[in-house]
Each structure stands twice: as structure tokens, then as C-alpha cells.
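# Here is my input; please provide its structure:
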Amino acid sequence: MYMMSCKIIMTTDNISTLLADVSIEGDLIEKDKIILDAKVNGDIQADDIRTHAKSYIVGNIKSKNAILGGKLHGNINSDSIKVRSTADIEGVLNQKNLSIDEGATLKIKAETSK
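A predicted model of the protein is given here:
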């Protein structure tokens, strides 16, 4: 298992992918797209964020598009949020568009932005 304790800024046009054996303490900032199946204790910001079933995030998410699976304890501010059936989310969702798959576990407050 890899453990990082820092603020990570990834600014290439590539997709950043963090797999299940990665654990991060600190904020993540990605210019374009980030795919997470990792443990993150910190805020995440990217244009496109996708979390998978094994992800565990404690922190806030800010993006244009978020597709969420796995555990998340924090607030999400995104133009479009899609919650997958594998998601377990606790927090406030602030979005323009929201889609929730059957089977997701949610303890949320949803707010619609203009």
C-alpha cells in the first residue's frame, strides 16, 4: 500500500487513475479527469471525477461532472451528479442535474443550483 501525505496537483491532459492499493492524505487537484478506486482523506477537484466501488473518500468534491460509486463522506458541488448503485454517500449534493441508480445508500441533502 502506498501512503502519501501532501497536496497533489496533476495538470496534464491525461486521465489520472488511482487504484485500490493507494491511500492519500491531502487534497487532489486535476485539470481534466480523475478516476478513483482509492482511499482519499482530503478534498478533490477536477472537471470530471469518477469514483468506483472500492473508493473511500472523506472530503468534498468539486467538479463539472461526477459519477460516484463507493463510500463518500463529504459535500459534492457539481453541474451533473450520477450516483451509482454501489455508492454509499453522506453529505450535501449541490447540482444542476442529479441521477441516482437503484440500490445506492444515501444520507444526503440535495440542493439544485441554477
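
# show me where pLDDT drops low in the protein?
The model of the chain has pLDDT under 70 over residues 1-14, 114.

# For it, which strand extends over the most residues?
Longest strand in the chain, counting residues (DSSP state E): strand 76-100.

# mind listing the strands for the protein?
So, for the chain - with DSSP E - the strands run 2-5, 8-10, 15-18, 22-25, 28-30, 33-36, 39-41, 44-45, 48-51, 56-58, 61-73, 76-100, 105-112.

# isn't residue 26 right next to residue 42, touching?
Yes. Between residue 26 and residue 42 there is a contact under Cβ atoms under 8 Å: 4.7 Å. Heads up, the C-betas are built off the backbone N, CA and C, glycines and all.

# More neighbours: the two, which one.
Comparing residue 26 with residue 42 by other Cβ atoms under 10 Å, the one with more neighbours is residue 42, at 18 against 14.

# List the contacts of that one.
Listed by Cβ atoms under 8 Å, 6 or more residues apart in numbering, the contact partners of residue 42 are 7, 24, 25, 26, 27, 28, 58, 59.

# Most widely separated two among the residues you listed?
7 and 58 (15.8 Å; Cβ to Cβ).
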